[in-house]
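Asks: okay, here's the prediction I keep looking at, along with the sequence it came from:
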Amino acid sequence: MNVHEYQAKEIFRAAGIPVPPGEVADTPERAEEIARGYGGTVVVKAQVHSGGRGKAGGVKLASTPEEARQHADAILGMEINGLTVNQVLVTPAEDIATESYVGILIDRKTQAPTFMVSAEGGIDIEQVAHTNPDAIRKLAVDPRYGMLPHQAYWLASTLYDDQALAKQASRIIAQLYDAFTSAGASMAEINPLISTDAGEVKAIDAKLSIDDNELFRKPSIAEYRDLSAEPWAETRAREADLSYVKLDGNVGCCVNGAGLAMATMDLVKFYGGEPANFLDIGGSSNPEKVVAALEIITSDPNVEVILFNIFGGITRCDDVANGIVAATQSIDIKPPIIIRLTGTNEELAIQILADAGFSAFTSMDEVVQRAVQMTKGN
Ligand code: GDP
Ligand code: MN
């Protein structure tokens, strides 16, 4: 689960990290009021679950309350990477001397929470990693011991030559580790961590992703969920208890079991296609799940063909077949559907589908090739 910048800042503040104050507005008038309250120059910032807001025009400096209202008016309702802005954060502007990057995530390679820090902050860290990888210092933290003071200082010393600044950054890095672990996060990021001419180090941006599996034991953090900020398909998938990950391709995949779903995506790639999604309808027999899965897949305008790959073990093929038929009756599905199923109640499923005008296949190889060909106009 992603949280908004203002929510991440609340969590960071609670961990002791110096973060400038801020208030959220959902109307231009409210933004003006907040700006007037602070006095001086403020920053008006789009609250969406997306990075690169600055580049998209979603972060603006305002020197008067009227200007803050105008910026809020322009930013509210704006689309950034497909997500609509419903709120802006209004925060006093800082005088920035330097911008650095501090981030921590669960890293598969080190199999540990791993810090990445760089004196080249403000911009995309992916770009720095690409063009100047030596500018990033990495450290895997052993969760048995946590972040040790000398490790935090080692990271901080790559950000600042000045001892006083490095000490502050070192404290912030340790605090970020605490915030990360106690929130059950999979990723936490401060970009930029700034230093000011007055010699202070502060976090002026905050990003935090929470591991969904932590939410049940962190109800106060689960409350941060903002359904209006999430893509509809993700919310629907969670409600229907489906694992869904949207991808950029055009072959919609509906599979039972995560392993088979991965294998299906591999095979799509193998035959030169691009999967539009990972979708695991799970092991249970339930036609409603299939209806939900088809709603989700068809909500993606990139999908050109829908590929079912079902292995009937605990899942009954006839339940899936009934789900497909029910879905085609209740929703308008434009892309062609190609179905492979085999296993429990296979014959019954094939009959149900045949009665509804669908043909079903049993060879996985054959259907995947066929689906990929269809996206290539054959
Ligand atoms: P992002 O683009 O979504 O990562 O949003 P950020 O909060 O990181 O803001 C983008 C950029 O706007 C920062 O890197 C800063 O250069 C600038 N910015 C943000 N807040 C302030 C501020 O208080 N003062 C000044 N001068 N610039 C700011
Ligand atoms: Mn940023």
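Replies: Yep, it's here. Residues are numbered from 1 along each chain as shown. Ligands and ions are numbered 1, 2, ... in the order given.
Asks: with adjacent residues omitted, what lies nearest to residue 299?
Replies: Excluding the flanking residues, the one nearest residue 299 by CB to CB, 6 or more residues apart in numbering is residue 233, at 5.3 Å. Any C-beta I mention is one placed from the backbone N, CA and C, and that applies to glycine too.
Asks: you'd agree the one you found is up against residue 244?
Replies: Yes: the pair residue 233 / residue 244 is scored as a contact, 6.5 Å apart, by CB atoms under 8 Å.
Asks: just to revisit the earlier point, and the residue nearest to residue 299, what does it touch?
Replies: Residues near residue 233 by CB atoms under 8 Å, 6 or more residues apart in numbering: 244, 246, 296, 299, 300.
Asks: so which residues on the chain come close to ligand 1?
Replies: Counting by CB under 6 Å from any ligand atom, the chain comes close to ligand 1 at 43, 45, 51-54, 59, 93-94, 96, 99, 122, 191-192, 204-205.
Asks: of these - the most surrounded one?
Replies: residue 45 (27 neighbours; other CB atoms under 10 Å).
Asks: surely it is in a helix?
Replies: No: going by DSSP: H, G, I helix; E, B strand; the rest coil, the assignment for residue 45 is strand, not a helix.
Asks: not counting sequence-adjacent ones, nearest residue to it?
Replies: Excluding its sequence neighbours, the residue lying closest to residue 45 (CB to CB, 6+ apart) is residue 89, at 4.5 Å.
Asks: quick check: residue 305 touching residue 252?
Replies: Yes: look at residue 305 against residue 252 with CB under 8 Å: they come within range, at 6.8 Å.
Asks: of the two, who's got more company?
Replies: It is residue 252, of residue 305 and residue 252, that has more neighbours when counted by other CB under 10 Å, with 27 against 20.
Asks: tell me the SS of that one?
Replies: strand.
Asks: show me the contacts for it.
Replies: Residue 252 makes contact with 276, 277, 279, 297, 298, 300, 303, 305, 306, 307, 335, according to CB under 8 Å, 6+ apart.
Asks: please repeat the previous calculation with a cut-off of 6 Å.
Replies: 276, 297, 303, 306 (CB atoms under 6 Å, 6 or more residues apart in numbering).
Asks: burial measure for residue 130, as a count.
Replies: 9.
Asks: next one: residue 85
Replies: Residues near residue 85, counting by other CB under 10 Å: 23.
Asks: does it touch residue 79 like I think?
Replies: No: judged on CB atoms under 6 Å, residue 85 makes no contact with residue 79 at a distance of 7.6 Å.
Asks: residue 25 contacts residue 35, correct?
Replies: No: assessed by CB under 6 Å, residue 25 is found out of contact with residue 35, at 9.1 Å.
Asks: more neighbours: which of these two?
Replies: Set residue 25 next to residue 35 and count neighbours by other CB under 10 Å: residue 35 wins out with 29 against 22.
Asks: just confirm that one is within a helix.
Replies: Yes: assessed with three-state DSSP, residue 35 lies in a helix.
Asks: so how far is stretch 170-183 off the chain centroid?
Replies: Mean-position distance between stretch 170-183 and its chain equals 21 Å (CA atoms, centre = their mean, to the nearest Å).
Asks: go on, stretch 305-321?
Replies: 29 Å.
Asks: how far does it stretch from one end to the other?
Replies: End-to-end distance for stretch 305-321: 17 Å, by CA to CA, to the nearest Å.
Asks: give me the low-pLDDT residue ranges for the chain?
Replies: Applying pLDDT under 70 to the chain flags residues 284-285, 378.
Asks: excluding its backbone neighbours, what's nearest the closest residue to ligand 1 within the stretch 151-300 of the chain?
Replies: Nearest to ligand 1 in the stretch 151-300 of the chain, going by CB to the nearest ligand atom, is residue 205, at a distance of 3.4 Å. The shortest distance from residue 205 to any residue other than its chain neighbours is 5.5 Å, reached at residue 191 (CB to CB, 6+ apart).
Asks: so where do the strands sit in the stretch 51-200 of the chain?
Replies: 59-62, 79-80, 83-84, 88-92, 96-107, 112-118, 136-140, 185-196 (DSSP state E, counting those that start in this stretch).
Asks: those strands: which one's closest to residue 163?
Replies: Judged by CB to CB, the one of the strands of the stretch 51-200 of the chain that comes nearest to residue 163 is strand 185-196, at 12.6 Å.
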